[in-house]
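1. Got a predicted structure plus its sequence, pasted below:
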Amino acid sequence: MAKVPPEKYPNTIIVIPIQEMEAWLLSDATAIKSVFNLSKAPNKITDCESIESPKEHLRDLVWKMGKKRYLNTTHNEKLAEKITLSNLIRCSSFKRLDEYIKDNIAKG
């Protein structure tokens with residue numbers, strides 16, 4: 001597999017979550033509680049990126065806890081606004097992105 005040449009795409013970062021992006025969103029139970037107005041936060045998931053089909057997992061979790069419908073086209077943005085960096089950093093693929101930004105972009 002060829003690498004993407006940085007000189008061709010100088011201001012680009014390629015990020016690939018281990019599962020789906022929803023794995024990152026599952027990392028913050030407080031954000032889920034808030035966005036879906038649940039009576040309590042779901043249990044903390046230790047390794048969000050190990051969950052098979054995180055989108056469906058999030059959908060089922062929200063329905064089970066609050067009889068609310070999860071729509072990724074609507075709710076992912078709302079969850080992303082509420083999620084905390086300290087929770088995201090628990091996801092290994094996001095942690096690598098954070099380290100890359102700190103090492104290569106933030107110093108600039």
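-> Perfect, thanks for sending it.

2. N72: how many residues sit nearby?
-> By the criterion of other Cβ atoms under 10 Å, N72 has 15 neighbours. Quick note: C-beta positions are derived from backbone N, CA and C, even for glycine.

3. The one 5 residues further on now?
-> E77 sits with 10 neighbouring residues when counted by other Cβ under 10 Å.

4. Checking it next. Helix, strand or coil?
-> Here E77 is recorded as helix under DSSP: H, G, I helix; E, B strand; the rest coil.

5. tell me the contacts of it?
-> Counting by Cβ atoms under 8 Å, 6 or more residues apart in numbering, E77 makes contact with nothing.

6. separation between it and P5?
-> Remark: distance between E77 and P5 (Cβ to Cβ, to the nearest Å) = 32 Å.

7. and if you look at L61?
-> 41 Å.

8. higher neighbour count, the two?
-> Taking neighbours as other Cβ under 10 Å, L61 and P5 compare with L61 leading, 20 against 8.

9. list the contacts for that one?
-> If a contact means Cβ under 8 Å, 6+ apart, then L61 has 26, 32, 42 as its contacts.

10. and if you look at S92?
-> With contact taken as Cβ under 8 Å, 6+ apart, S92 is in contact with 18, 49.

11. Low-confidence regions, this protein specifically.
-> Within the chain, the set of residues satisfying pLDDT under 70 comprises 1-4, 13-17, 106-108.
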